[in-house]
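Enquirer: Dropping a prediction and its sequence here:
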Amino acid sequence: MTRPTSSAPSQRMLRVGEQVRAAITQVLQRGEVRDDLIERTVISISEVRMSPDLKIATAFVTPLGVTDHNTVIEALNRHAKYIRGRLGPQLRQMKYMPEVRFRDDTSFDNYKKIDALLRSPEVSRDLEDDNDQDQ
């Protein structure tokens, strides 16, 4: 079997990651995790990245309406083994049930920074100069 030449995830890793994301979402939506903090927090799972051997699933989550994301992430990681056990029915086709790890998704913060930079007066001025030169 040949190894991929790039560090980009394979189609299989992407497909399985999406299946794991959907399964974790169902477990959280059904309220199967008995933790007050998790039950009262709306949690958005933006992406699940799989390791190349499909044995580790890293879920990037954003707790909505909560200022301290770390407490929610810690609560999810405390219940990771239970959540892993609840994924079984949705992921029957997998040879090994992946170990689930939860991480804070900072991509929204990065998008905000980029948006603020693009809206800054310096960039707006530069863009106006480019438009004037095109005409």
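Expert: Right, received. Where do you want to start?
Enquirer: Next, count neighbours for Arg107.
Expert: I think there's a mix-up here, since residue 107 is Ser and not Arg. When neighbours are counted by other C-beta atoms under 10 Å, Ser107 registers 12. C-betas here are computed from N, CA, C, even on glycine.
Enquirer: That one: what's it in contact with?
Expert: By C-beta atoms under 8 Å, 6 or more residues apart in numbering, the residues touching Ser107 are 46, 60.
Enquirer: ok, Thr41 touching Asp68?
Expert: No: contact status for Thr41 versus Asp68: not in contact, 10.6 Å apart, counting by C-beta atoms under 8 Å.
Enquirer: The two: which has the busier surroundings?
Expert: Neighbours per residue (other C-beta under 10 Å) separate Thr41 from Asp68, with Thr41 holding more: 19 against 9.
Enquirer: what's the spacing between that one and Lys112?
Expert: With the distance defined as C-beta to C-beta, to the nearest Å, Thr41 ends up 21 Å from Lys112.
Enquirer: now the helices: where do they sit in this structure?
Expert: In order along the chain, the chain carries the following helices (DSSP state H): 11-29, 36-39, 69-78, 80-86, 107-119, 121-134.
Enquirer: The ones you listed: which one's closest to Glu99?
Expert: Closest of these to Glu99 is helix 80-86, at 6.5 Å (criterion: C-beta to C-beta).
Enquirer: buried ones in the closest one?
Expert: Within helix 80-86, the residues that qualify as buried are 83-84, 86, counting by 16 or more other C-beta atoms under 10 Å.
Enquirer: who's in contact with it?
Expert: For helix 80-86, the surrounding residues in contact (C-beta under 8 Å, 6+ apart) are 24, 27, 32-33, 76, 97-102.
Enquirer: Any chance of a ChimeraX selection covering the buried ones in those residues?
Expert: Typed into ChimeraX, the next command selects the buried ones out of the contacts of helix 80-86 (criterion: 16+ other C-beta under 10 Å):
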select :24,27,33,76,97,98,100,101,102
